[in-house]
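Participant: Following is a predicted model, sequence given first.
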2 protein chains.
Amino acid sequence: MLEDKKQERISLETLGEFGLIRHLTEHFTIRHKSTLKGIGDDAAVLDFTDKTVLTTDLLVEGVHFDLSYMPLKHLGYKAIAVNLSDVYAMNAKATQVTVSIAVSNRFPLEALEELYAGIALACKKFGVDLVGGDTTSSQKGMLISITALGEAKEADIVYRSGAKPNDLLVVSGDLGGAYMGLQVLEREKEVFKVNPNNQPDLEPYSYIVERQLKPEARKDIPELLKALVVRPTAMIDISDGLSSEILHLCQESKVGCNLFEEKIPLDPTVIAACEEFSMDSTLVALSGGEDYELLFTIDQQDFDKIKGNPHLTVVGHMTDASEGTHLVTRANTKIPLTAQGWNSFESE
Amino acid sequence: MLEDKKQERISLETLGEFGLIRHLTEHFTIRHKSTLKGIGDDAAVLDFTDKTVLTTDLLVEGVHFDLSYMPLKHLGYKAIAVNLSDVYAMNAKATQVTVSIAVSNRFPLEALEELYAGIALACKKFGVDLVGGDTTSSQKGMLISITALGEAKEADIVYRSGAKPNDLLVVSGDLGGAYMGLQVLEREKEVFKVNPNNQPDLEPYSYIVERQLKPEARKDIPELLKALVVRPTAMIDISDGLSSEILHLCQESKVGCNLFEEKIPLDPTVIAACEEFSMDSTLVALSGGEDYELLFTIDQQDFDKIKGNPHLTVVGHMTDASEGTHLVTRANTKIPLTAQGWNSFESE
């Protein structure tokens, strides 16, 4: 769709790799004094006072994103946000990113400018410096590789492995929105195929569509926890779906868990969309993925500090490993939690 | 060629993303005490005493490598080596890498095991820890994204921008081998297409073929320079070709340069291959690329310290910017240096 075979505009070939990366990144500003050298040498040079947190992710067109409904600016923003989400899940402050892209040389320069406008917006919003990257041609479609760095004092870093029996299980925000947004977008794509002149009214779905197209990493949660003087015992971000992430925490911490169905936070528009699509909202929250909320455990003694906070919901508690991992339904029956997390190798 | 449509063996789909990354990385060992946490959480946690050096690269099948003659083990090794080369070009010590791969789910698991065997070999050889990564499916072929980290004292870090007029221009090892190795491999590929039963005799070309398939990053050069008490004034690694890298140094340092054709170090097998392929060996060294040698400048006062060192060759000297950038030929004529560096967007 975006492949411009006429090449009327400035082509990537004309700019070349060096010219292209310079053109795309020249307006980026450096915010952190820890960035001693950004783009422009063999490597960036950084200066961390505390411990360094490092995460990397690969996003592939046709596997992780669909350019037929994903605006490139949103894609750039999302690519940064989902990586920073992993930094925040360590209870760290995000500081730098690198962005590498592979694109067919039929992509017009304007398309990459849009992508980088989204990247710039995310860098500004989350206060991180773009310090490196690579641009190259691909044989097919677009691929984005991001590495994100952050910083934290060693005592503040939270791993997946620290949860203890009786710890409370807490989730930020609400769940299932990104997945239901995807359902709406996929439906509109099918409508578009049949009738390209149809103008979809996405207004009633704006919250869930935005959750899918422009997710926010929860930069505010580590800051909030610090302000509340709560150090989570274990933490993970919800990229795949609540059940799969809970199982990761339980496995790494060697504990069990009871998750209460009635406690799972759902936005009213998610519930409405689930009804419209005849989907079970609990299943959507458990397996939907891409919400990029944070899931963490806290000592019971810290409950009073978070009680009533509009950003945080206690959804269950950890148990002895021998008790297993369960969902306690509204009907008060216990059913084993299973991972329905996403596996890109299953898609053909 | 490597896409296994019969899927008789363990498929990537069966393992899934988590199972796959665990399977591929479980035998990797952690060598640095600066690696506080490697693979297995939302992010790695690192502890740098000095400044951090960070570089990233994207390698695309059909653009950067051809699996019809590139064994996967070599590819894994090369992918790490070419990234570490950028770390060494900062005069830093390489410490950690992350590796992300996108592959079609028709690649058999054994193919990825081979790739990771090469990655493991390089990690051992260069003494770096694999601390993170991502595996995902691709729509077509294989793509590898590497991020490499290193460490150096601030005073030891060498940028591209520090060269001064009269500094000597020095290159490690010899040039043009990787490019001529590629010519041999491309020729054999054409022969193979015509007669698949032909067994090529690559023995006479073993040095140059190895330069192409299994290049070594010059970890030894920053160590050697330290031992000789020489701090380069500017440095870059030779990934694209000597002329393009010289021009980068001149541009960043705002100086000119005289490069002497007769000084360019060439291995006898490179000269022999150039004769066989009717290519000009100087042009091959200037524009060939992929040698991953280090190119640096030193103060003239340091000449005695490096004189006669078998790893280092003085190939020219820097001048005032107003004098321009020139190649001084064997016939003692001066011709302007031009960048013939590689541009992946030109390939179709």
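Facilitator: Great, that's in hand.

Participant: okay, CA-based contacts and neighbour counts for the rest of this
Facilitator: OK.

Participant: mind listing the strands for the stretch 201-348 of chain A?
Facilitator: For the stretch 201-348 of chain A, the strands defined by DSSP state E, counting those that start in this stretch occupy A:234-237, A:255-260, A:294-298, A:312-320, A:325-328, A:334-336.

Participant: In chain A, where is pLDDT below threshold?
Facilitator: A:1-10, A:340-348 (pLDDT under 70).

Participant: In contact with the residue nearest the centre of chain A, which residues?
Facilitator: Geometric centre of chain A, nearest residue: A:Val82, 2.9 Å, by Cα atoms, centre = their mean. Going by Cα atoms under 8 Å, 6 or more residues apart in numbering or on different chains, A:Val82 touches A:215-217, A:292.

Participant: so which strand or helix has it?
Facilitator: Assigned by DSSP states H and E, A:Val82 belongs to helix A:72-88.

Participant: Would you pull up how far that helix lies from the middle of the chain?
Facilitator: 6 Å (Cα atoms, centre = their mean, to the nearest Å).

Participant: What strands line up against the helix or strand following it, and which way round?
Facilitator: Once helix A:72-88 ends, the next helix or strand along the chain (criterion: DSSP H and E) is strand A:93-103. Strand A:93-103 sits in its sheet next to strand A:129-137 (parallel), strand A:142-152 (antiparallel), going by DSSP bridges.

Participant: next helix or strand past strand A:93-103?
Facilitator: helix A:109-126.

Participant: tell me which strands and helices that next one is in contact with?
Facilitator: Where contact means 3 or more Cα pairs under 8 Å, 6 or more residues apart in numbering or on different chains; DSSP states H and E, helix A:109-126 is packed against helix A:12-25, helix A:72-88.

Participant: Deepest in the core, which of these is it.
Facilitator: helix A:72-88 (a mean of 26; mean count of other Cα atoms under 10 Å in any protein chain shown).

Participant: quick one: which of the contacts of A:Val82 is nearest to A:Asn91?
Facilitator: A:Ala217 (12.3 Å; Cα to Cα).

Participant: most packed of the strands of the stretch 201-348 of chain A?
Facilitator: Per-stretch averages of neighbours, counted by mean count of other Cα under 10 Å, single out strand A:234-237 among these, with a mean of 30.

Participant: so does it get close to chain B?
Facilitator: Yes. Applying Cα under 8 Å from any Cα of the partner chain, one finds strand A:234-237 touching chain B at A:236-237.

Participant: Note down every partner strand of that strand and its orientation.
Facilitator: strand A:294-298 (antiparallel).

Participant: between the strands paired with strand A:93-103, which gets nearest to B:Thr95?
Facilitator: Short answer: strand A:142-152, nearest of the strands paired with strand A:93-103 by Cα to Cα, at 15.6 Å.

Participant: Who are the packing partners of the following helix or strand past the closest one?
Facilitator: The first helix or strand that comes after strand A:142-152 along the chain, using DSSP H and E, is strand A:168-172. Under the contact definition 3+ Cα pairs under 8 Å, 6+ apart, strand A:168-172 sits against strand A:294-298, strand A:312-320.

Participant: Pull the contacting residues for the nearest residue to A:Phe48 once chain neighbours are set aside.
Facilitator: Using Cα to Cα, 6 or more residues apart in numbering or on different chains and skipping the chain neighbours, the partner closest in space to A:Phe48 is A:Ser34 (6.1 Å). Taking Cα under 8 Å, 6+ apart, we find A:Ser34 in contact with A:46-48.

Participant: quick check: domain ranges of chain A?
Facilitator: A:12-156, A:168-342 (automatic domain parsing).

Participant: Return the most buried member of those.
Facilitator: Comparing the domains of chain A by mean neighbour count (mean count of other Cα under 10 Å), domain A:12-156 ranks first with a mean of 21.

Participant: for that one, how far is the first residue from the last?
Facilitator: 44 Å (Cα to Cα, to the nearest Å).

Participant: One more: stretch A:306-325?
Facilitator: Across stretch A:306-325, first to last residue, Cα to Cα, it's 24 Å.

Participant: From A:Leu168, how far off is A:Asp299?
Facilitator: 6 Å.

Participant: who wins for proximity to B:Phe303 among the strands paired with strand A:93-103?
Facilitator: Nearest to B:Phe303, of the strands paired with strand A:93-103 and by Cα to Cα, is strand A:129-137 at 33.8 Å.

Participant: mind checking how far that closest one is from the chain centre?
Facilitator: Between the centre of strand A:129-137 and the centre of its chain there are 20 Å (Cα atoms, centre = their mean).

Participant: Now do that strand: everything it contacts.
Facilitator: Applying Cα under 8 Å, 6+ apart, the external contacts of strand A:129-137 come out as A:17, A:20-21, A:28-32, A:35, A:37-40, A:43-44, A:95-105, A:123, B:55-58, B:60, B:63, B:344-345.
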